[in-house]
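Visitor: my questions are about this predicted structure, shown below with the sequence.
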Amino acid sequence: MGCEKMKLCPFFAEFKDGFGSHYQVMIQSYCQGVLSDMCKRKKYESVEGGLAPENLCPSGHYSKRLTGQHT
Ligand code: SF4
């Protein structure tokens, strides 16, 4: 089970390790879990076309933790 986009997903690549339990729960629930079809990144990409912004979370909110900032 898991999202078919996992290997190419910028959000997954950036947030799969670290960033605390909040992000780990999202990864486990959406990317690796049963909520994959409800991912807002997928919805964004199907509606808007192209890639969703890297910091758009599968839950639909925008992370303030930008790429490369592991603080
Ligand atoms: S963030 Fe969404 S598109 Fe990316 S791997 Fe997770 S469920 Fe798939």
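Guide: Done, it's in. Numbers count the residues shown, from 1 in each chain.

Visitor: for the rest of this, base every contact and every neighbour count on C-alpha atoms.
Guide: Noted.

Visitor: give me the residues contacting the biggest helix by length in the chain.
Guide: The residue-count maximum for a helix in the chain (DSSP state H) belongs to helix 40-48. Applying Cα atoms under 8 Å, 6 or more residues apart in numbering, the external contacts of helix 40-48 come out as 51-52, 56-60.

Visitor: hmm, it touching the ligand?
Guide: Yes. Residues of helix 40-48 contacting the ligand under Cα under 6 Å from any ligand atom: 41-42.

Visitor: centre of the chain to that helix, how far?
Guide: Per Cα atoms, centre = their mean, to the nearest Å, the displacement of helix 40-48 from the mean C-alpha position of its chain is 12 Å.

Visitor: next: stretch 8-19.
Guide: 7 Å.

Visitor: repeat for stretch 9-23
Guide: Distance, centroid of stretch 9-23 to centroid of chain: 7 Å (Cα atoms, centre = their mean).

Visitor: what comes up buried for that stretch?
Guide: By neighbour count with 16 or more other Cα atoms under 10 Å, stretch 9-23 contains the buried residues 9-12, 14-16, 23.

Visitor: take those residues and keep only those in helices.
Guide: Per DSSP H, helices hold the following members of those: 10-12, 14-15, 23.

Visitor: interface residues of the chain facing the ligand?
Guide: 3, 5-6, 9, 11-12, 30-31, 36, 39, 41-42, 58.

Visitor: closest to residue 65 among these?
Guide: Checking the residues of the chain next to the ligand against residue 65 with Cα to Cα, the nearest one is residue 11 at 10.9 Å.
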